[in-house]
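**Q** any chance you can model this:
(one chain, ligands or ions: 1)
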Amino acid sequence: MKHLLALLATVAGPAVAAPTIDVVIRGGTIYAGDDAPPITGDVEIAGDRIVYVGPSRRTTASRVIDARGQIVAPGFIDAHPHPDSYIRSPDRTARLNLPWLAQGVSTIVAGVDGGGTPDVADDARRLTAAGIGTNVVPFVGFGAVRARVLGQDARAPTAAELAGEKALVAKGMCEGATGFSTGLFYAPQSFATTDEVAAVAAEAGRRGGMYDTHQRDESNYTIGLLASTREAIEIGRRAGAPVHIAHLKALGVDLHGQAPALIATIEAARARGQDVTADQYPYLASGSAVDAALLPRWASDGGYAKVRARLADQPTLARIRAEMRENLRRRGGAASILLTSAGQPWTGRTLAQVATTWRLDPVDAAIRIIATPDVAGTGPAGVGIASVNMIDRDVDLIMRQPWVMTGSDGSDGHPRQYATFPRKYRTYVRERRVIALRDFIRRSTGLTADKYRIVDRGYLRAGTFADVVVLDPDAYAPHADYLHPTVPSVGVRALLVNGRVALIDGKPTGVAAGRVLLRPTPAGCPSSSKQAGTR
Ligand SMILES: [Zn+2]
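**A** Numbering: from 1, shown residues only. Okay, the predicted model is just below:
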């Protein structure tokens with residue numbers, strides 16, 4: 001309708017009035033999302049676009065947001081979230097995506113770790129019809145593609161199956177996916193060789209898409225961190241696709257201090273002219289569970305009843321104990337494992353503390369926790385953990401790299417879902433001064449938009465879409481922690497998504513202004529690759 005009116009106005013005659021300004025964000029310290037120093041002034045918005053950024057000029061507007069003393073920046077872009085339990089919820093309020101809105105995030109990437117459906121157009125239509133609070137940038141994922149063609153099989157594809165995988169990635173790209181994502185750490189994707197992944201990824205590369213990966217090994221579980229990073233770079237090179245490595249880290253005690261070697265590996269590829277970037281979440285702990293982290297894979301096979309039977313069988317238990325001891329060492333010992341499941345006698349204490357109380361070896365304390373059934377008896381009662389397995393030195397060095405963006409990896413149960421951006425600001429910018437404020441903003445906005453080729457977003461400039469955040473520099477802070485992972489962050493004074501106010505004074509307005517940001521149809525796609533969203 002708006003387009004129609006605009007068209008009629010154009011047809012009606014040459015008298016073009018100045019655009020009516022809907023919103024002025026007045027007097028703030030404006031960071032544009034680039035490397036330039038901030039300016040003090042106004043951001044003017046008409047419809048879904050920014051029409052002016054510059055010194056205050058006292059324009060009248062339907063709505064004025066007083067931003068004096070506040071930071072004004074492009075709405076943040078989360079390079080690697082797991083938002084599905086929100087954006088795909090049957091509950092409209094959940095679909096507003098409050099965990100991200102309350103951090104000032106206006107755009108999230110979806111379908112990472114290989115999860116994205118190849119049916120990009122259908123999915124975009126569904127999300128658009130349902131209404132979502134943030135913009136979404138879709139990926140077609142290797143996990144979804146491989147499962148559809150090969151199921152869970154641990155084998156190479158036949159020639160026909162490989163062609164089937166390629167066709168699904170081509171379909172997703174033609175329907176507007178930004179690129180191809182993998183999670184080679186996870187089965188069944190882990191069964192694929194470098195050759196298979198490169199061949200399939202080339203379908204994205206030749207259509208202008210990028211290669212985004214949760215790499216095969218972030219520690220020393222299989223091929224090792226550095227070999228895994230080299231594999232990601234090689235896949236991108238062979239596929240003709242820019243590479244992006246998710247949640248870059250050196251994980252586990254054996255890898256501590258490896259960040260310089262990791263960065264050198266990526267810098268070498270960049271020096272050869274390859275486009276390789278990464279994202280990172282600002283936490284030393286990953287989220288996991290006592291059983292997933294410590295039990296050997298073979299011992300957790302076949303369901304909870306079988307696990308308990310094995311733990312009750314003395315010879316089997318002896319084998320399990322030995323392997324658990326090694327897994328605990330890799331994770332940095334019992335003092336670095338915080339037990340986070342609510343409502344248990346051990347909640348909020350480390351495994352070391354619980355073992356001392358129980359007068360048990362830490363491995364036996366872990367076994368007692370795993371063997372304690374929940375009310376239904378179908379699983380363990382409370383095995384959630386935050387596992388501190390990174391060190392400041394590595395995390396800080398990775399964060400300082402100009403090609404490292406902010407990505408929450410936000411999934412249910414870890415505070416990073418609700419608090420990544422304000423934590424990075426509060427801890428790494430304000431308190432520890434690891435990076436400058438301008439760099440924090442740039443690497444959470446413009447840099448990410450450039451890499452993901454998100455057109456007309458990530459910058460505050462006349463003509464770009466009006467995704468804008470207003471932050472109170474003293475109040476912007478995380479409230480979620482490992483024991484309370486779902487407490488919304490605070491300090492966002494206003495967040496606009498496509499020109500509409502989604503959050504004001506920290507409270508959601510209920511407006512679902514998000515769009516699915518589909519790429520323009522690449523050359524060579526069938527004309528039926530119909531698109532549902534706009535970029
Ligand atoms: Zn991941």
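
**Q** tell me where the stretch 301-450 of the chain has strands.
**A** Assigned by DSSP state E, counting those that start in this stretch, the stretch 301-450 of the chain shows strands spanning 337-339, 384-388, 404-406.

**Q** of all those, which one is nearest residue 305?
**A** strand 384-388 (20.9 Å; Cβ to Cβ). For the C-beta atoms, the positions are set from N, CA and C on the backbone; glycine is no exception.

**Q** pull the contacting residues for the one residue in the stretch 101-250 of the chain that gets nearest to the ion.
**A** As assessed by Cβ to the ion, the ion sits closest to residue 214 within the stretch 101-250 of the chain, at 3.5 Å. The contact partners of residue 214, by Cβ atoms under 8 Å, 6 or more residues apart in numbering, come to 112-114, 181-186, 246-247.

**Q** switch to 10 Å and redo it
**A** 80, 112-115, 143, 181-186, 189, 232, 245-247, 409 (Cβ atoms under 10 Å, 6 or more residues apart in numbering).

**Q** coming back round to it: would you turn the strands of the stretch 301-450 of the chain into a markdown table with distance to the ion and mean neighbour count?
**A** Shown next, in a markdown table, are the strands of the stretch 301-450 of the chain (distance: least, Cβ to the ion, whole Å; neighbours: other Cβ atoms under 10 Å):
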| stretch | distance to the ion | mean neighbour count |
| --- | --- | --- |
| strand 337-339 | 21 | 24 |
| strand 384-388 | 15 | 24 |
| strand 404-406 | 14 | 25 |
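
**Q** middle-most residue in the protein, spatially?
**A** In the chain, the C-alpha nearest the mean C-alpha coordinate belongs to residue 80, at 1.8 Å (Cα atoms, centre = their mean).

**Q** got the confidence number for that one?
**A** Listed pLDDT for residue 80 reads 98.

**Q** what bridges to the residue of the stretch 101-250 of the chain closest to the ion?
**A** Following DSSP bridges, residue 214 is listed with bridge partners residue 183.

**Q** check the gap between residue 91 and the ion for me.
**A** In this view, residue 91 and the ion are 25 Å apart by Cβ to the ion, to the nearest Å.

**Q** okay if I get the strands of the stretch 301-450 of the chain as CSV plus mean pLDDT?
**A** As requested, these are exported to CSV (pLDDT from 0 to 100):
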stretch, mean pLDDT
strand 337-339, 94
strand 384-388, 92
strand 404-406, 98
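
**Q** which stretch among those comes nearest residue 169?
**A** Checking those against residue 169 by Cβ to Cβ gives strand 404-406 as the closest, at 23.7 Å.

**Q** packing partners for the closest one?
**A** On a contact count with 3 or more Cβ pairs under 10 Å, 6 or more residues apart in numbering; DSSP states H and E, strand 404-406 meets strand 76-78, strand 276-280, helix 392-400, helix 437-442, helix 446-451.

**Q** pull the residues that contact the third one.
**A** Looking back up the chat, that one is helix 392-400. By Cβ under 10 Å, 6+ apart, the list of residues contacting helix 392-400 reads 247-251, 255-260, 262-263, 266, 278-284, 390, 404, 406, 424, 428-429, 432, 434-435, 439-440, 443.

**Q** can I have the buried ones of the residues you listed as a PyMOL selection?
**A** Those of those that count as buried under 16 or more other Cβ atoms under 10 Å are selected in PyMOL with:
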select buried, resi 247+248+249+250+251+255+258+259+262+263+266+278+279+280+281+282+283+284+390+404+406+424+428+429+434+435+439+440+443
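
**Q** so which of the contacts of helix 392-400 belong to helices?
**A** Members of the contacts of helix 392-400 lying in helices (criterion: DSSP state H): 259-260, 262-263, 266, 439-440.

**Q** ok, those vs the ion, which is closest?
**A** Relative to the ion, and with distances defined as Cβ to the ion, the nearest of those is residue 262, at 16.4 Å.

**Q** go ahead and confirm that closest one touches residue 225.
**A** Yes. Between residue 262 and residue 225 there is a contact under Cβ atoms under 10 Å: 6.4 Å.

**Q** between the two, what contacts are shared?
**A** Counting by Cβ under 10 Å, 6+ apart, the contacts common to residue 262 and residue 225 are 218, 248-250, 255.

**Q** pull the most distant pair out of those residues.
**A** Pairwise across those, and taking Cβ to Cβ, the largest span is found between 248 and 255, at 12.0 Å.

**Q** please identify every residue contacting each of the two.
**A** In contact with both residue 248 and residue 255: 218, 225, 262, 394, using Cβ under 10 Å, 6+ apart.

**Q** quick check: residues of the stretch 101-250 of the chain near the ion?
**A** 113, 214, 246 (Cβ under 5 Å from the ion).

**Q** 8 Å instead, please
**A** 112-113, 183, 185, 214, 246-247 (Cβ under 8 Å from the ion).

**Q** can I get the residues you listed in TSV with distance to residue 197 and pLDDT?
**A** Listed next are these as TSV, based on distance: Cβ to Cβ, whole Å; pLDDT from 0 to 100:
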residue	distance to residue 197	pLDDT
112	15	97
113	14	96
183	11	96
185	13	91
214	12	96
246	15	98
247	19	97
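
**Q** top of these by number of neighbours, please.
**A** Neighbour tally across these (other Cβ atoms under 10 Å): the maximum, 28 neighbours, falls on residue 112.

**Q** state the distance from it to residue 314.
**A** 43 Å (Cβ to Cβ, to the nearest Å).

**Q** check residue 513 too.
**A** 61 Å.

**Q** same question, residue 373
**A** For residue 373, the distance to residue 314 equals 20 Å [Cβ to Cβ].

**Q** just to revisit the earlier point, in helices, which of the contacts of residue 214 fall?
**A** Using DSSP H, the contacts of residue 214 in helices are 143, 232.

**Q** quick one: low-confidence residue ranges for this protein.
**A** 1-18, 529-535 (pLDDT under 70).

**Q** 50 instead, please
**A** Within the chain, the stretches with pLDDT under 50 are 1-2, 4-14, 532-535.

**Q** before we move on, back to that, ok, which of the helices and strands packed on strand 404-406 comes nearest residue 150?
**A** Nearest to residue 150 among the helices and strands packed on strand 404-406 is strand 276-280; the distance by Cβ to Cβ comes to 28.7 Å.

**Q** can you tell if the helix or strand just after that closest one touches the ion?
**A** Following strand 276-280 in sequence order, the next helix or strand is strand 285-289 (DSSP states H and E). No. Against the ion, strand 285-289 shows no contacts by Cβ under 8 Å from the ion, the least distance being 10.1 Å.

**Q** what's the angle between strand 285-289 and strand 384-388?
**A** Counting by axes from the mean of the first three to the mean of the last three Cα atoms, to 10 degrees, strand 285-289 lies at 150 degrees to strand 384-388.

**Q** partners of strand 285-289 in the sheet?
**A** Counting by DSSP bridges, strand 285-289 is paired with strand 384-388 (antiparallel).

**Q** and the partner strand, how far from the chain's centre?
**A** 19 Å (Cα atoms, centre = their mean, to the nearest Å).

**Q** before we move on, what about stretch 126-138?
**A** Worked out by Cα atoms, centre = their mean, stretch 126-138 lies 16 Å from the chain centre.

**Q** with only the CA atoms kept, save it in PDB.
**A** This file holds the C-alpha atoms of stretch 126-138, laid out as PDB (Å, rounded to 0.1, in the frame of the first residue of the first chain):
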ATOM      1  CA  ARG A 126       5.900 -18.800   7.500                       C
ATOM      2  CA  LEU A 127       8.000 -16.500   9.600                       C
ATOM      3  CA  THR A 128       6.700 -13.400   7.900                       C
ATOM      4  CA  ALA A 129       3.100 -14.500   8.300                       C
ATOM      5  CA  ALA A 130       3.600 -15.400  12.000                       C
ATOM      6  CA  GLY A 131       5.400 -12.100  12.800                       C
ATOM      7  CA  ILE A 132       8.900 -11.900  14.400                       C
ATOM      8  CA  GLY A 133      10.500  -9.200  16.500                       C
ATOM      9  CA  THR A 134      14.000  -9.100  14.800                       C
ATOM     10  CA  ASN A 135      15.200  -9.400  11.200                       C
ATOM     11  CA  VAL A 136      16.400 -12.900  10.200                       C
ATOM     12  CA  VAL A 137      19.200 -13.800   7.800                       C
ATOM     13  CA  PRO A 138      18.700 -17.400   6.700                       C
END
